[in-house]
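Asker: Quick one, fold the following:
(2 chains)
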Amino acid sequence: MHSETVAGLIAGLRGRKYSAVELARALLERIQRSQPGLNAFISIEAETALAAAAEADRQLASGNAPPLAGVPIAHKDIFCATGSRTTCGSKMLANFIAPYDATVVARLRADGAVVLGKTNMDEFAMGSSNETSHFGPVRNPWDPARVPGGSSGGSAAAVAARLVPAATATDTGGSIRQPAALCGITGIKPTYGRVSRYGIVAFASSLDQAGVVARTAEDAAILLRSMAGFDERDSTSVDAEVPDYVAGLDRPLTGLRIGLLKEFFDKGLDPAVEACIRAGLEELRAQGATLREVSLPNLPLSVPTYYVVAPAECSSNLARFDGVRFGYRCDKPRDLKDLYERSRGEGFGAEVKRRIMTGTYVLSAGYYDAYYLKAQRVRQLIAADFARAFGEVDVLVSPTTPTPAFGIGAKMNDPVTMYLNDIYTIGANLAGLPAISVPCGFVEGLPVGMQIVGGHFTEQRILNVAHRYQRATDWHTRAPEAYR
Amino acid sequence: MSLSRRDIDDIAHLARLALTEAEIPVYLDSLSRIIGLVGELDRAPTAGVEPMSHPLAGLKQRLRADEVTDTDRHELYQRNAPQVMAGLYLVPKVIE
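Answerer: Numbers count the residues shown, from 1 in each chain, chains lettered A, B, ... in the order given. Sure thing, here's the model as predicted:
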């Protein structure tokens, strides 16, 4: 059961090959067993999961079950779910019990999904390695000495290790696609505004978007169909029709125009990673796509742009953690100032404090124009580069990451080296574009991801390209030896 | 660009973050490096370019009518508060 896809489980549950309760029990047992080695979960919610599975079994027996009835999933611990601990990977929220549901959580529950637990993540989704979590690092199922990527490292590791077939995730600068690539699974970040952010702990509001990690593009399409759509409770939610992502998956690629980002193939790319991407492109070409090089001259500035915009928004969003209304409070505050400063100083981890301070600096008097406004102008240039490219091609293909998974501890002493790891993924966030990462090979036993970026609201197209690619290749079916 | 100890103290104060003595040199070093990284933006010609605050061009921030849409659930919300008494959040004395 554990190696089945979401599509396979839906068929198995409906065909009564196993019950939702049997399935939930089997996976909960796998999760428990994996915890000492992987640490992919912050909370395991066995009791509520089994109750939801029993309800799914009743619905399945009645013949009137919602589309995901009995499908086990996990939520990144950034999504609020009523009565469930929602820590965001932080000491600050270690005891926070969500008083309401995120829209994504409510929609997936209404469609019958069974939530087995909440996955580990970089603190407040700030990190590319899952090492900043207050609850300890997650390990990569392919090699426990390496990181799973971040910030959705727990979700990605859980899916790669066959603990759940799919999990929710969020992506501000690559936090869905980068861990998906490093763990050898599929991850999609939809267009900004496509999926409601109501009930998701905010990091950088002009960049954050929720999505899904799964083993196949088809499974990602099935989940996204339930998650996406307008929500009046998120003021950035876009009121546009959601196409049937599953229905469009098989469309042939004949005539698809693929752009190769010149700037990304130029320098700094591991030659072994490049060979995997080139082989992936050959496969797409064999299916009828045409390739051409396109240039986005401002794209190399996406990392510095992001590391002004994201920390600036983070410093504003995280101002709400004041030790008064919710979250951690320091012991015996002397006065109100001491309460604020020590609650925040003790409640936030090192990387979160670094981002808050960077953001505070770039927004402070005398630096606002030089850094923040400047970055917003460069962001406009980057977005214009993408818009121009999508006048010539349908999708852009690149590596998802410059290298396969790096070692735990390898980049923790130099934040700039860590930030540069996001070089290929950040552009899609700055321009609000949908993007997917699919497994496309291995380098020294570690998975490599290929990124497909589309124009605004073309999730259907990039899922289609990913699905056609996966029909012709088997990289996405490979499982780490210890978790087969 | 290199920041000074004074800069770190100022930033930490503005951000309401108490730092330990041991943290200060760490942030002095890493924030200086980050400011160096973002300094690359200087070379981008941006004269006449509008700052971009929303990634979907042309989409305006939606506003809703100023109406009450929720019920009073302060008891539920206050269950997450560190210290509450009689429906009020407690903080150290502010006015002597």
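
Asker: Okay, helices next: where are they in chain B?
Answerer: In chain B, the helices defined using DSSP state H lie at B:5-14, B:23-38, B:74-78.

Asker: Which residue is most remote from the mean position of chain A?
Answerer: A:Arg334 (40.7 Å; C-alpha atoms, centre = their mean).

Asker: Let's check: the centremost residue of chain A is which one?
Answerer: Note: chain A centre (C-alpha atoms, centre = their mean) maps to A:Ile176, 2.1 Å.

Asker: Look up how far A:Ile188 lies from it.
Answerer: In this view, A:Ile176 and A:Ile188 are 7 Å apart by C-beta to C-beta, to the nearest Å. From N, CA and C alone the C-beta is placed, and that goes for glycine too.

Asker: which residue does chain B bring closest to chain A?
Answerer: In chain B, no residue comes nearer to chain A than B:Pro55, which is 2.8 Å away by C-beta to the nearest C-beta.

Asker: so who does the closest residue to that residue other than its chain neighbours touch?
Answerer: What sits nearest to B:Pro55 in space, not counting adjacent residues and going by C-beta to C-beta, 6 or more residues apart in numbering or on different chains, is A:Gly432, at 2.8 Å. Residues near A:Gly432 by C-beta atoms under 8 Å, 6 or more residues apart in numbering or on different chains: A:Thr191, A:Tyr192, A:Gly193, A:Ala383, A:His456, B:Pro55, B:Leu56.

Asker: Which ones among those map onto helices?
Answerer: Secondary structure defined by DSSP H assigns A:Ala383 of the contacts of A:Gly432 to helices.

Asker: just the contacts of A:Gly432 now: which is nearest A:Ser129?
Answerer: A:Tyr192 (24.4 Å; C-beta to C-beta).

Asker: From what I see, that closest one and B:Pro55 are in contact.
Answerer: Yes. The criterion here is C-beta atoms under 8 Å, and A:Tyr192 meets it with B:Pro55 at 4.6 Å.

Asker: Mind listing the shared neighbours of A:Ile176 and A:Ile188?
Answerer: Overlap of the contact sets of A:Ile176 and A:Ile188 (by C-beta under 8 Å, 6+ apart) consists of A:Gly211, A:Val212, A:Ser437.

Asker: List the buried residues of the helix or strand containing A:Arg354.
Answerer: Using DSSP states H and E, A:Arg354 sits in helix A:350-363. Judged by neighbour count using 16 or more other C-beta atoms under 10 Å in any protein chain shown, the buried positions of helix A:350-363 are A:351-363.

Asker: and what of stretch A:64-82?
Answerer: Of all the residues in stretch A:64-82, those buried under the rule 16+ other C-beta under 10 Å are A:65-66, A:68-82.

Asker: count of residues packed around A:Arg478?
Answerer: Counted with other C-beta atoms under 10 Å in any protein chain shown, residues neighbouring A:Arg478 total 16.

Asker: list the contacts for it?
Answerer: Neighbour list for A:Arg478: A:Gly184, A:Pro439, A:Phe442, A:Pro447 [criterion: C-beta under 8 Å, 6+ apart].

Asker: would JSON lines of these with secondary structure be doable?
Answerer: Shown next, in JSON lines, are the contacts of A:Arg478 (DSSP: H, G, I helix; E, B strand; the rest coil):
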{"residue": "A:Gly184", "secondary structure": "coil"}
{"residue": "A:Pro439", "secondary structure": "strand"}
{"residue": "A:Phe442", "secondary structure": "strand"}
{"residue": "A:Pro447", "secondary structure": "strand"}
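
Asker: what about A:Val395, distance to chain B?
Answerer: A:Val395 sits at a distance of 18 Å from chain B (criterion: C-beta to the nearest C-beta, to the nearest Å).

Asker: again, but for A:Asn421
Answerer: For A:Asn421, the distance to chain B equals 13 Å [C-beta to the nearest C-beta].

Asker: Now that residue. Nearest residue, chain neighbours left out?
Answerer: Spatial nearest neighbour of A:Asn421, chain neighbours left out: A:Ser128 (4.9 Å); criterion: C-beta to C-beta, 6+ apart.

Asker: The one you found and A:Ala156 touch, don't they?
Answerer: No. Counting by C-beta under 8 Å, A:Ser128 stays clear of A:Ala156, with 11.9 Å between them.

Asker: quick one, which of these two is more surrounded?
Answerer: Per other C-beta under 10 Å, whichever of A:Ser128 and A:Ala156 has more neighbours is A:Ala156, with 38 against 29.

Asker: Let's verify the more buried one: helix, strand, or coil?
Answerer: Put simply, A:Ala156 is helix when judged by three-state DSSP.

Asker: Can you give me every residue that contacts it?
Answerer: A:Pro148, A:Gly149, A:Ala167, A:Ala169, A:Pro179, A:Ala180, A:Leu182, A:Cys183, A:Ile185, A:Gly187, A:Val213.

Asker: I'd say the third one and A:Ala157 touch.
Answerer: Right, the one you point to is A:Ala167. No. Assessed by C-beta under 8 Å, A:Ala167 is found out of contact with A:Ala157, at 9.5 Å.

Asker: Which one's more surrounded, these two?
Answerer: Ranked by neighbour count (other C-beta under 10 Å), A:Ala167 and A:Ala157 place A:Ala157 first, with 34 against 30.

Asker: got the contact list for that one?
Answerer: Residues near A:Ala157 by C-beta under 8 Å, 6+ apart: A:Leu38, A:Ala40, A:Asn120, A:Asn130, A:Val138, A:Arg139, A:Asn140, A:Pro141, A:Pro148, A:Pro179, A:Cys183.

Asker: Next up, the contacts around the most centrally placed residue in chain B.
Answerer: With distances taken as C-alpha atoms, centre = their mean, B:Ala15 lies nearest the centre of chain B, 6.9 Å away. If you count contacts by C-beta under 8 Å, 6+ apart, B:Ala15 has them with A:Ser315, A:Arg344, A:Lys353, A:Ile356, A:Met357, A:Thr360.

Asker: Quick check: the nearest residue to it once chain neighbours are set aside vs A:Arg344, distance?
Answerer: Using C-beta to C-beta, 6+ apart and skipping residues adjacent in sequence, the residue nearest B:Ala15 is A:Thr360, 4.3 Å away. Distance from A:Thr360 to A:Arg344, counting by C-beta to C-beta: 12 Å.

Asker: Likewise for B:Leu63?
Answerer: Counting by C-beta to C-beta, the gap between B:Leu63 and A:Arg344 amounts to 31 Å.
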